[in-house]
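Visitor: Whatever this is, show me its structure:
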Amino acid sequence: MRARCIFIPAIAFLMLIQSVTTISAASGQALSADDPGRTVTLEQGKAEAAAMLSKGDAVKAYELYMRLVRLAPDDDAVNLGMARAAVKAKRWNQAVMAYETLLEKHPGTAALYGELANVYMLLGDRAAAERSHAMRRFLDGSGAKAETDKTLDALERRYSDLQFHGKIRGGFQYDSNANMGPASNDLTLGMWHVRVENAKNEDSVGGYLGANMDLGRRFHRDSRWWAVGDAQAFWRGHADGKLSDTHSRESQWGRAAVGLRRLSSSSLAEARAKVEAFDYEFYQSVSAFGPEGTLIWAPAASTHLILKAGLEKRDYSRDHMRNGLYGSVGAYDRVFFGKDNHELLVGARYIGAGADKNDYGYKGWEGTSRFLFKLNRSFELSPFVTYSQEFYKGPATVLENDKRRDNRLRVGLGLTRRINESWAFEIGYQYLYNDSNSELYTHKQHYMPVGVTWSF
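Guide: Here you go, the predicted structure:
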């Protein structure tokens, strides 16, 4: 009886072993190249990896393509996706191997040589990039060597650990309210009717000149960290001599900043320390210094979520009661759409100030909407609208009792005509209406600049 009890479990165990062996054999057969289940799995994996890559998740796409390459090493779509994901994930040597695998099977594909040349430039191997471009020119007859050299020069600057670029612009302008004054010298402030000399708005033609430069230095080749800095300057002058009476015939503004940036495939985080100065005819000036920060996250290739904040200490040369801390914090959404990659930026920020004289302190908000329409390779159209409210802690003047309140609307339109890679023609229009409960600060402005821009 005991022998029978032992024999039955033994038979059951042997049957279980046989079942497992059969299932394993069937599974191994399912992984064969001709099995439909394998095809479904491969196609699903390719679709998922391509979706990851299009959303900007290059690292995960690269890892998935690596698994797909082991599953189907001869699949062209897998190798091409692997190559492009490796580039975006900064696995440049793996990208070279993937492109070379494709070129062994398709040596007559000129576009692949162009993409491979780009990877060689990322690796800093210009000689190899030139050889790849030479093969591309041989296969499709596109361009001359001089054009290739120009392209490689641009790529070398783009992928360099040291980045330096900027713009210089200049032109003519018309300003209907160059001194930001009210409609008349005769004002009603509170219960008083007064005359304020030289307060009335003055229109004028004039000119402007500006420059900005940005500098970035990556710590090492594969580092996500950069040392960054910028310098900007702007000058504006008016022909109307009456503006000299209020020391507003010309103005200058300048800025310099340094900081750190961390850059990944889907985010940018940056902090800078800045110093700024604004001056009217070297007579009255405002200086400011403080920190500012930016955080950008791209949940998808077509969407950027942006946070910006800044705090500065201002000093007024002739109005010390306005000295104090001024700051802002805002959130924005930038969306890219259409085949030409048009842009839409919408968002809002909180603004506030704590001046030495309490009446000059304020709090408020500002909403912004900006478009950039790329009409074709030469023309860009950029309409915008901003609306803000400022609520002051005290009245605008000693003659008034109500606390100052300003509602400000600014709408405008810019048109850029690109002449070539470096030069562009620009024309713009802006309408400003500041509606204040104090007549001294109620004003309108029409402003139109026309000029040229040189980018480097």
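Visitor: quick one: the helices in the stretch 201-350 of the chain?
Guide: Shown for the stretch 201-350 of the chain, no helices are assigned by DSSP state H, counting those that start in this stretch.
Visitor: the strands in it, which residues?
Guide: 204-218, 225-238, 250-263, 267-280, 284-300, 303-316, 324-337, 342-355 (DSSP state E, counting those that start in this stretch).
Visitor: State the pLDDT value of Val205.
Guide: On the pLDDT scale, Val205 is placed at 97.
Visitor: Let me know whether it touches Leu243 as I believe.
Guide: No - contact criterion C-beta atoms under 8 Å: Val205 and Leu243 do not qualify, at 11.8 Å. The C-beta positions use only the backbone N, C-alpha and C, and glycine is treated the same way.
Visitor: that older thread, what's the closest of the strands of the stretch 201-350 of the chain to Tyr392?
Guide: Counting by C-beta to C-beta, Tyr392 lies closest to strand 342-355 out of those; the figure is 9.0 Å.
Visitor: following that closest one, which helix or strand comes up?
Guide: Next helix or strand after strand 342-355 toward the C-terminus (DSSP states H and E): strand 362-374.
Visitor: Return the set of buried residues in that following strand.
Guide: Tyr362, Gly364, Trp365, Glu366, Thr368, Ser369, Arg370, Leu372, Lys374 (16 or more other C-beta atoms under 10 Å).
Visitor: okay if I get the strands of the stretch 201-350 of the chain as a markdown table plus mean neighbour count and distance to Val450?
Guide: Listed next are the strands of the stretch 201-350 of the chain as a markdown table, based on neighbours: other C-beta atoms under 10 Å; distance: least, C-beta to C-beta, whole Å:
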| stretch | mean neighbour count | distance to Val450 |
| --- | --- | --- |
| strand 204-218 | 16 | 10 |
| strand 225-238 | 17 | 14 |
| strand 250-263 | 16 | 19 |
| strand 267-280 | 17 | 24 |
| strand 284-300 | 16 | 28 |
| strand 303-316 | 17 | 30 |
| strand 324-337 | 16 | 28 |
| strand 342-355 | 17 | 24 |
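Visitor: Can I get those strands in TSV including distance to Leu102?
Guide: Below are the strands of the stretch 201-350 of the chain laid out as TSV (distance: least, C-beta to C-beta, whole Å):
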stretch	distance to Leu102
strand 204-218	30
strand 225-238	33
strand 250-263	29
strand 267-280	31
strand 284-300	28
strand 303-316	31
strand 324-337	29
strand 342-355	33
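Visitor: give me the low-pLDDT residue ranges for this structure?
Guide: Counting by pLDDT under 70, the chain contains low-confidence ranges at 1-40, 142-160.
Visitor: Verify the contact between Tyr433 and Arg408 for me.
Guide: Yes - counting by C-beta under 8 Å, Arg408 is a contact partner of Tyr433 at 7.3 Å.
Visitor: more neighbours, the two?
Guide: Taking neighbours as other C-beta atoms under 10 Å, Tyr433 and Arg408 compare with Arg408 leading, 17 against 13.
Visitor: on contacts alone, who are the packing partners of the helix or strand hosting the more buried one?
Guide: Assigned by DSSP H and E, Arg408 belongs to strand 405-418. When contacts are defined as 3 or more C-beta pairs under 8 Å, 6 or more residues apart in numbering; DSSP states H and E, strand 405-418 packs onto strand 379-392, strand 423-436.
Visitor: Tell me the strands beside it, with direction?
Guide: Strands that pair with strand 405-418, judged by DSSP bridges, come out as strand 379-392 (antiparallel), strand 423-436 (antiparallel).
Visitor: circling back to that earlier point, quick one: closest of the strands of the stretch 201-350 of the chain to Glu130.
Guide: Using C-beta to C-beta, the nearest of the strands of the stretch 201-350 of the chain to Glu130 is strand 204-218, at 23.9 Å.
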